[in-house]
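**Q** pasting the sequence and the predicted model now:
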Amino acid sequence: MKTKTLLFIVSTLLFAADIFAQLPDTDIYLFKELNGKKHYYGSPVNITNRKGYDNQPCFSPDGKEILFVSITDTLQSDIWSYDIEKKKTKQLTYSKESEYSPTFIRDGKTISTVRVDTDSGQRLYTMPYPSLDKSELIKNTDSIGYSCMVNENQLIMFLVGDTNTLQSLDLKTGKRTFIANEPGRCIKVNPKNRMVYYIDKSDSLNWLLMKFDPTTLIPKKVSITFPGAEDFAFFSNGICVCAKNGTLYKLNESKGAWLAVGDKILPTDLDYFRIAISADDKYIAVVVKNEKQKK
């Protein structure tokens, strides 16, 4: 079936983990790097300590703010910001549509966001930051779930369908190019080698971390990863980390192996999953399902 109703239901489930059945109560926790200890962080601070869905954190390029999405007493998803120095949250969008996956692009002067339009279609828009007072559609992004802006001319897209696909979009010509089937939601550029990384979920029992050169678009296996763990991030030195059951793992890419580092880096007993790292490595943000916190 390819009706708009089914597309809306499937894609929204991908974004909000359970939004129609039972909206998860999630919070975002922030870690700050300890003085003089590179890649070692202090105790986490809950920056969205309230009932509701707070998720999809993204740091500003200067590391001073975090964008995230929030759903409280309705199914409406809006973009919020958190000022790290002032320790204050602020709602940025009040539109009738729901916005997801806010991401800084173009040196922090613009963000991209996936919007669920009134016709139930999911499309990618850009908005000027911080006003977010207007939006501009990126054409040929219908059915988009997640994205990664490689540069001014290239966008990598997770497209929702009977079979989810990973595709590249030439922003000048509008041409789409197929890359792979059944990607995970996390798509990121390694800051050191400039390769694009994603999770291949085509085999439900064996998830793979993959990478490709954005010019050739040919995926190559990096490592087997953990079923159920599809969120990863990069430190500024290009080291990849991911979280599983509240434990942080660091990738030794040359050996294709993951090393559990746990509380040696992040001192916490929280069962966190999504993970974001500021460009200067000073901060790490994670998302926690409150009902699954370790006792």
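**A** Noted; the coordinates are in hand.
**Q** so who does T177 touch?
**A** By C-beta atoms under 8 Å, 6 or more residues apart in numbering, the residues touching T177 are Q167, S168, L169, D170, L217. Placement of C-beta: from N, CA and C, glycine included.
**Q** mind redoing it with 6 Å?
**A** Counting by C-beta atoms under 6 Å, 6 or more residues apart in numbering, T177 touches S168, L217.
**Q** hey, what's it bridged with?
**A** Applying DSSP bridges to T177 yields these beta-bridge partners: S168.
**Q** any idea of the pLDDT on it?
**A** Confidence at T177, expressed as pLDDT, is 98.
**Q** and for the one 3 residues further on?
**A** The pLDDT attached to A180 in the predicted structure is 98.
**Q** any idea which element the closest residue to it other than its chain neighbours lies in?
**A** Nearest in space to A180, with sequence neighbours left out and distances taken as C-beta to C-beta, 6 or more residues apart in numbering, is L166 at 4.6 Å. Using DSSP states H and E, L166 sits within strand 165-170.
**Q** same for that strand, what does it pack against?
**A** strand 154-159, strand 176-181 (3 or more C-beta pairs under 6 Å, 6 or more residues apart in numbering; DSSP states H and E).
**Q** residues in contact with the first one?
**A** Right, strand 154-159. Residues outside strand 154-159 that contact it (C-beta under 6 Å, 6+ apart) are 143-149, 165, 167-169, 171, 183, 187, 196, 214.
**Q** what is the nearest of the residues you listed to N49?
**A** Y146 (26.7 Å; C-beta to C-beta).
**Q** counting by contacts, list what the helix or strand harbouring L259 packs against.
**A** For L259, the host element (DSSP H and E) is strand 257-260. With contacts defined as 3+ C-beta pairs under 6 Å, 6+ apart, strand 257-260 has these neighbours: strand 247-252.
**Q** buried set for the strand it packs on?
**A** T247, L248, Y249, K250, L251 (16 or more other C-beta atoms under 10 Å).
**Q** what about the nearest residue to D231 once chain neighbours are set aside, neighbour count?
**A** Excluding its sequence neighbours, the residue lying closest to D231 (C-beta to C-beta, 6+ apart) is R274, at 4.6 Å. With neighbours defined by other C-beta atoms under 10 Å, the count for R274 comes to 21.
**Q** repeat that for I111.
**A** As a burial measure, I111 scores 24 neighbours (other C-beta under 10 Å).
**Q** show me what secondary structure element comes after the helix or strand it falls within.
**A** If you go by DSSP H and E, I111 is part of strand 110-116. The helix or strand immediately downstream of strand 110-116 is strand 122-128, counting by DSSP H and E.
**Q** adjacent strands (with direction) for that following strand?
**A** The strands beside strand 122-128 in its sheet (DSSP bridges) come out as strand 110-116 (antiparallel), strand 136-137 (antiparallel).
**Q** and the angle for it with strand 154-159?
**A** 140 degrees (axes from the mean of the first three to the mean of the last three C-alpha atoms, to 10 degrees).
**Q** contacts for strand 122-128, please.
**A** Strand 122-128 is touched from outside by 11, 110-116, 135-138, 141-142, 144, 147, with contacts defined as C-beta under 6 Å, 6+ apart.
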